[in-house]
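Peer 1: Whatever this is, show me its structure:
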Amino acid sequence: MRRSLIAALFCLALAGPALAQGQPPLRCAVDGTFAPHAFPTLQGGVQGFNVDLFREAARRMGREITIDSASFSGLIPAMNAGRYDFLCAPVTATAERAQSMLLTEGYLYTSFQFGIRRGSAPITSLEDLRGKAISVNKGSAYDAWATQNAARYGFTVQTYDTQSDAVQAVVSGRAYANLGGNTVVRYAATRTPQFVPDFVITETRAHWSAVLPMGATEMRAQLENALECMKRDGTIARLSQQWFGTAPAPDDAENTVFPGTGVPGMAGYDPTPREPRC
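Peer 2: Model (predicted):
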């Protein structure tokens, strides 16, 4: 009896990877112009922090993965139409988004930051934006914030299909400042000498999550488990230092396994205790 049980368990262990290999590749997408999270390679593919992150997450899930590149504004509609299993693009976890899609726990913290043209007057407060033009990546959380606050602070909003175009609008003088995520603004400054990081909206710190369609609870649990294991063994922290240039702090999201499943405090969050299986 014992030999039979051991043999059965051994067969299951061998069958697990085979079953995973027999499944179709996971399908996800990124904004392929959003360096350093995703941007083109010379060979025609995409590279970056999020590409490395989710290729490794898929590997730990026992799945192949295909990563498409498209404009950010079209990613969520395409996912909701069934084209993608989830989005590999960094998506800011907001209360509005949590009502219409599932969020994993954050793998990075993001804050809103302005970048300006070198030599321009620094932004000391949001009141300094009055009468100026702000560039944003169309469909992003920064687009939403700028649209909601334009009248309050008296600035105008210019939307661009890519973040790189939004940065170039500042460099060329069409816009006074670009509003984006802190990692992206700082990375752009290392590649564009005439563009410099500036004012941070400190109260905007939020999770950058992977998002999935409503109802994909099992897929979310599998994906979040992989991300949590990558936090525990330092993989996400190493990728963060590689792509963003600085080591994350011990309490940054790259090193924090959050309780439950999803983003604590948001719709769709499941507080049931769950220990990562690595």
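Peer 1: Could you list the low-pLDDT ranges of this protein?
Peer 2: Under the criterion pLDDT under 70, the flagged ranges of the chain are 1-21.
Peer 1: Which residue ranges of it form strands?
Peer 2: Using DSSP state E, the strands of the chain run over 26-30, 39-40, 46-47, 65-69, 87-92, 101-103, 108-117, 133-137, 156-160, 177-181, 195-213.
Peer 1: Let's have these in CSV, adding distance to Q222.
Peer 2: C-beta: built from backbone N, CA, C; applies to glycine. Shown next, in CSV, are the strands of the chain (distance: least, C-beta to C-beta, whole Å):
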stretch, distance to Q222
strand 26-30, 10
strand 39-40, 27
strand 46-47, 23
strand 65-69, 13
strand 87-92, 15
strand 101-103, 12
strand 108-117, 20
strand 133-137, 29
strand 156-160, 35
strand 177-181, 26
strand 195-213, 10
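Peer 1: and D143, which of those is closest to it?
Peer 2: strand 133-137 (4.4 Å; C-beta to C-beta).
Peer 1: before we move on, the earlier item: out of the strands of the chain, which is closest to F54?
Peer 2: Taking C-beta to C-beta, strand 87-92 is the member of the strands of the chain nearest to F54, at 4.3 Å.
Peer 1: Only alpha carbons, please: show that closest one as PDB.
Peer 2: Taking Å, rounded to 0.1, in the frame of the first residue of the first chain, the C-alpha atoms of strand 87-92 are listed here in PDB:
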ATOM      1  CA  LEU A  87      -2.100  43.200 -18.100                       C
ATOM      2  CA  CYS A  88       1.700  43.200 -17.600                       C
ATOM      3  CA  ALA A  89       1.700  47.000 -17.900                       C
ATOM      4  CA  PRO A  90       2.000  48.900 -14.600                       C
ATOM      5  CA  VAL A  91      -1.500  49.900 -13.600                       C
ATOM      6  CA  THR A  92      -2.100  52.200 -10.700                       C
END
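Peer 1: just checking, what packs against it?
Peer 2: strand 26-30, helix 49-60, helix 75-80, strand 108-117, strand 195-213 (3 or more C-beta pairs under 8 Å, 6 or more residues apart in numbering; DSSP states H and E).
Peer 1: Throw the strands of the chain into JSON lines and include mean neighbour count and distance to A249, thanks.
Peer 2: As requested, the strands of the chain are arranged in JSON lines below (neighbours: other C-beta atoms under 10 Å; distance: least, C-beta to C-beta, whole Å):
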{"stretch": "strand 26-30", "mean neighbour count": "23", "distance to A249": "26"}
{"stretch": "strand 39-40", "mean neighbour count": "18", "distance to A249": "26"}
{"stretch": "strand 46-47", "mean neighbour count": "20", "distance to A249": "26"}
{"stretch": "strand 65-69", "mean neighbour count": "18", "distance to A249": "29"}
{"stretch": "strand 87-92", "mean neighbour count": "26", "distance to A249": "19"}
{"stretch": "strand 101-103", "mean neighbour count": "26", "distance to A249": "23"}
{"stretch": "strand 108-117", "mean neighbour count": "22", "distance to A249": "10"}
{"stretch": "strand 133-137", "mean neighbour count": "24", "distance to A249": "27"}
{"stretch": "strand 156-160", "mean neighbour count": "18", "distance to A249": "32"}
{"stretch": "strand 177-181", "mean neighbour count": "27", "distance to A249": "17"}
{"stretch": "strand 195-213", "mean neighbour count": "19", "distance to A249": "13"}
